[in-house]
Structures are given as C-alpha cells and as structure tokens.
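Visitor: Provided below for reference: sequence and predicted model.
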Amino acid sequence: MATDQLSVTFAALADPTRRAILARLAQGEASVNEIAEPFDISLPAVSKHLKVLEAAGLISRGRSAQWRPARLEAEPLAAASGWIADYRQFWEGSFDALAHHLAQLEKGTTHD
C-alpha cells in the first residue's frame, strides 16, 4: 500500500521516544549507544525506533569503521512544517476575526 511522505513523517513523529531521538540528533550525530543512553528501553528497541525514523527519511545512518552514526535529515520535517504553516495561517485569520468580533460586541456595535 503506497503511503504519502507526509503521512509517513507524521506516523514516525507520533511516538514520543522517536521525537526525543530527533531532538538528540538535532544536537549532532550519535551512535545507537549514545542515543539509547537517556532511555529506559533496550538497545534493540532503540534500533527499531531508528529504523522507523530512517524509513521515514528523518534520519540517515553513516558508517565509519564499526561506528554507524545517525544524523538528522531535515527535509521531511520542513515539508511537515510547511503543511502545518498553511493551517496556522487559517487559524490565525480565524482568531483575528474572532478578536474583532469580540471587540465589536464589547462596544455594542456588531453588524451581522
């Protein structure tokens, strides 16, 4: 079943552990052991989270001898942010209209 990139990105971001992993990788690349350090989960569980993030294109994995650093890939996050920004403009416009309406109610000058 084909799934669009935005859906894959949001599915990967739905898990708080994966979001925490991305926050860690925003500071710089890290090994699985470094990523796993603050979590109370097994290394295989961290590896599964990394695989989901990698499949979503949110991280990439390098290879340097025995070390396989993970690094953040920002492009899918930028696409998700752009999608959210479109709705942010809608809501900000709605809130502005509501604020104007409430101000008119306070003055007693509504024209509906």
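Guide: Here it is on my side, so go on. Residues are numbered from 1 along each chain as shown.
Visitor: quick one: the strand or helix carrying residue 100 to chain centroid distance?
Guide: Per DSSP states H and E, residue 100 falls inside helix 75-107. How far helix 75-107 lies from its chain's middle: 20 Å, per Cα atoms, centre = their mean, to the nearest Å.
Visitor: what packs against that helix?
Guide: helix 5-13 (3 or more Cβ pairs under 8 Å, 6 or more residues apart in numbering; DSSP states H and E). Glycine gets a C-beta too; all of them are placed from N, C-alpha and C.
Visitor: can you list contacts of the helix it packs on?
Guide: 18-19, 22, 52-53, 55-58, 76-77, 79-80, 83 (Cβ atoms under 8 Å, 6 or more residues apart in numbering).
Visitor: Where does the prediction get shaky in the chain?
Guide: Applying pLDDT under 70 to the chain flags residues 1-2, 65, 109-112.
Visitor: need the contact list for the closest residue to residue 67 other than its chain neighbours.
Guide: Once flanking residues are discounted, residue 67 sits nearest to residue 31: 5.8 Å by Cβ to Cβ, 6 or more residues apart in numbering. Neighbour list for residue 31: 67, 68, 69, 70 [criterion: Cβ under 8 Å, 6+ apart].
Visitor: for the first one, phi and psi?
Guide: Read it as residue 67. Taking degrees, to the nearest 10, you get phi -90, psi 130 for the backbone angles of residue 67.
Visitor: likewise the last one?
Guide: Here is the backbone geometry of residue 70 (degrees, to the nearest 10): phi -100, psi 140.
Visitor: Count the residues that sit near it.
Guide: Using other Cβ atoms under 10 Å, residue 70 has 24 other residues around it.
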